[in-house]
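Asks: With the input below, show me the fold.
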Amino acid sequence: MTHRDCDNALLTQVRNAAQTVLSMSETFTFSYLEKCLPAEALQKVQKVILTGCGDSYCIGVAARPCFESEGAYPGFQAEALRNIEAARYYRTYVGWGEKKAEDHLICAVSITGSPVRPREALARINQLGGISVAFTDNENSLFAREAKYAVRINVPQDHYKPGVTDEECPGMTSYIAGCYAVMMFGLYMCVCKGLMTKQQAEEQRQAAIEYARAFTPEVIDDLEEKAFRFAEKLQADGFDCMDFIAEDQEFATAFFASAKMVESFGAVTTHDDAEDWCHINYFNRNPARIATFLMANPSSPSFSRDQETATCAVAIKRPLAIICEDTADGLPEQAWTFKMPTPKYRWINALLQHIPMDFIAAYLGIFRRQMPVGISSELHERDAACARFKKSEQVFVEEL
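Replies: A predicted model of the protein is given here:
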């Protein structure tokens with residue numbers, strides 16, 4: 001069997017990943033954002049809180065550099081918070097003082113608009129006088145209606161396997177679309193705040209488009225073939241669990257990829273940064289049965305630590321996959337290295353660098369003949385007794 005003999009809904013999404021970016025670039029423009037959020041509404045914003053649940057939290061981590069302009073231009077403060085942190089803990093202990101809530105903007109992401117917690121975060125900032133923005137594909141949801149401004153992402157639906165929706169399989173298309181949308185919002189806000197010209201923002205947008213075009217069908221096929229072989233090795237070696245290692249915006253990529261492993265076949269995963277991994281997970285038992293994925297981009301300030309971490313992982317016989325820009329060197333030869341196109345700006349990596357790990361998740365699901373965990377009938381029965389997302393209690397936390 002070869003990788004060309006396989007097919008499932010996740011594989012279809014991964015194979016169309018670059019096209020998802022290109023499709024989004026045609027519909028989700030700065031002009032579109034201006035219609036959703038007029039520039040004058042954003043003038044007073046001094047800080048942006050990016051939040052969401054699961055993949056949507058990862059979108060905030062991935063997009064944050066666009067609000068801060070990744071050092072290329074003077075940006076403004078942005079922070080990616082887990083949803084429960086944004087909804088119930090942000091500034092709870094210190095109060096607001098001179099840092100007025102009116103100066104804050106909460107950008108919450110929920111593709112379906114169904115979980116309660118993102119809506120709770122929007123309601124909290126609304127009651128405090130700040131600005132709430134919902135990024136979603138469900139404009140009629142309670143989540144969208146809670147926000148002062150709702151932005152429809154318009155996830156490209158034709159990139160799914162026919163008849164299969166994002167809720168019925170591990171979702172990748174929606175993640176890429178959400179990342180692109182919130183990244184463009186970050187650039188748009190920099191323009192609105194006078195920190196970047198329209199020309200500079202457009203140049204960065206074009207750089208993202210060129211990055212997607214670099215993932216030609218030949219590049220995608222090569223990545224898929226190598227991912228297929230690495231998945232075969234993991235299956236043959238009987239791995240027990242998986243580690244994902246990354247920092248800063250690459251942490252979003254590692255976190256997202258680990259989630260696809262869980263959703264595809266119920267893997268046991270962890271995700272951490274290189275420094276803590278060397279302090280903690282380095283000591284896990286049975287290292288040869290722990291699949292390890294490391295993000296190691298030369299454009300990252302942590303690259304030297306990532307190189308050291310890779311050497312440590314190889315020394316203890318971990319099966320190691322390194323996902324990196326194609327300019328990377330100084331990495332151990334024993335690792336399976338997935339070299340990806342290098343974008344002009346580092347923030348762009350988060351759009352597509354997860355591709356090899358998504359392929360691996362899809363193939364391991366196939367090898368294990370495991371239906372996506374999200375559509376397991378056993379889990380659906382279990383959910384009936386749980387207030388996981390939609391029925392969870394909504395709470396407003398009063399400030400000190």
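Asks: low-confidence ranges in the stretch 251-400 of the chain?
Replies: 370-394, 396-400 (pLDDT under 70).
Asks: What is the burial count for R4?
Replies: 10 (other CB atoms under 10 Å). Every residue, glycine included, has its C-beta placed from N, CA and C.
Asks: That one in helix, strand or coil?
Replies: helix (DSSP: H, G, I helix; E, B strand; the rest coil).
Asks: repeat for A80
Replies: strand.
Asks: Report the contact partners of it.
Replies: L50, T51, Y57, G60, V61, A63, R64 (CB atoms under 8 Å, 6 or more residues apart in numbering).
Asks: Surely S132 touches R145?
Replies: No. Between S132 and R145 there is no contact under CB atoms under 8 Å: 10.9 Å.
Asks: Look at these two and report which has more neighbours.
Replies: A count of neighbours by other CB under 10 Å puts S132 above the other of S132 and R145, at 24 against 13.
Asks: quick one: secondary structure of the more buried one?
Replies: S132 ends up strand, using three-state DSSP.
Asks: Relative to L37, how far out is it?
Replies: Using CB to CB, to the nearest Å, S132 is found at 11 Å from L37.
Asks: Return every residue with contacts to both of these two.
Replies: With CB under 8 Å, 6+ apart as the test, S132 and L37 both reach Y149.
Asks: neighbours around the spatially closest residue to F256 that is not a sequence neighbour, how many?
Replies: Counting by CB to CB, 6 or more residues apart in numbering, C58 is the residue found nearest to F256 once chain neighbours are left out, at 4.5 Å. C58: 28 surrounding residues under other CB under 10 Å.
Asks: can you check Q19 too?
Replies: Q19: 18 neighbours (other CB under 10 Å).
Asks: Quick check: buried residues in the helix or strand harbouring it?
Replies: Assigned by DSSP states H and E, Q19 belongs to helix 17-27. Residues of helix 17-27 classed as buried by neighbour count (16 or more other CB atoms under 10 Å): A17, A18, Q19, T20, V21, L22, S23, M24, S25.
Asks: cool, stretch 359-370 as well?
Replies: F359, I360, A361, A362, Y363, L364, G365, I366, F367.
Asks: contact partners of that stretch?
Replies: Against stretch 359-370 from outside (CB under 8 Å, 6+ apart): 3, 6, 8, 10-11, 14, 170, 223-224, 227-228, 230-232, 234-235, 257, 260-261, 263-267, 321, 372.
Asks: So which of the residues you listed are in strands?
Replies: Residues of the contacts of stretch 359-370 located in strands (DSSP state E): A321.
Asks: from the contacts of stretch 359-370, which would you call buried?
Replies: Applying 16+ other CB under 10 Å to the contacts of stretch 359-370 flags 3, 6, 8, 10-11, 14, 170, 223-224, 227-228, 230-231, 234, 257, 260-261, 263-265, 267, 321, 372 as buried.
Asks: Can you report phi and psi for V45?
Replies: Main-chain dihedrals, V45, degrees, to the nearest 10: phi -70, psi 130.
Asks: May I ask you to confirm that it is in contact with I131?
Replies: Yes. The criterion here is CB under 8 Å, and V45 meets it with I131 at 6.4 Å.
Asks: list the residues that contact both of the two?
Replies: Joint contacts of V45 and I131 (CB under 8 Å, 6+ apart) are H104, L105.
Asks: what sits against V155?
Replies: I111, D137, D166, T173, S174, A177, G178.
Asks: do the same with C190
Replies: C66, F67, S69, Y73, G75, F76, M196, A201.
Asks: same question for the helix or strand harbouring it, mean pLDDT?
Replies: Using DSSP H and E, C190 sits within helix 173-192. Here helix 173-192 scores 96 as its mean pLDDT.
Asks: For the contacts of A80, pick the one with the most neighbours.
Replies: A63 (31 neighbours).
Asks: quick one: that one and A208, what's the gap?
Replies: 12 Å.
Asks: picking that back up, mind checking which of the buried residues of stretch 359-370 are in helices?
Replies: With DSSP state H as the criterion, helices contain F359, I360, A361, A362, Y363, L364, G365, I366, F367 from among the buried residues of stretch 359-370.
Asks: any idea what sits nearest the fourth one, other than its immediate chain neighbours?
Replies: The one in question is A362. That would be L10: by CB to CB, 6+ apart, it lies 4.0 Å from A362.
Asks: Next: Q307.
Replies: G330 (5.2 Å).
Asks: Around the one you found, count how many other residues there are.
Replies: So G330, with other CB under 10 Å, has 12 neighbours.
Asks: For A108, grab phi and psi.
Replies: Dihedral angles (degrees, to the nearest 10) for A108: phi -110, psi 140.
Asks: Report how many residues lie close to R285.
Replies: 7.
Asks: picking up where we left off before, got the contact list for the helix holding Q19?
Replies: Here helix 17-27 has contacts from 13, 154, 156, 159, 172-173, 176-177, 180-181, 205, 208-209, 211-213, 215, 220, 351-352, 355, 358, using CB under 8 Å, 6+ apart.
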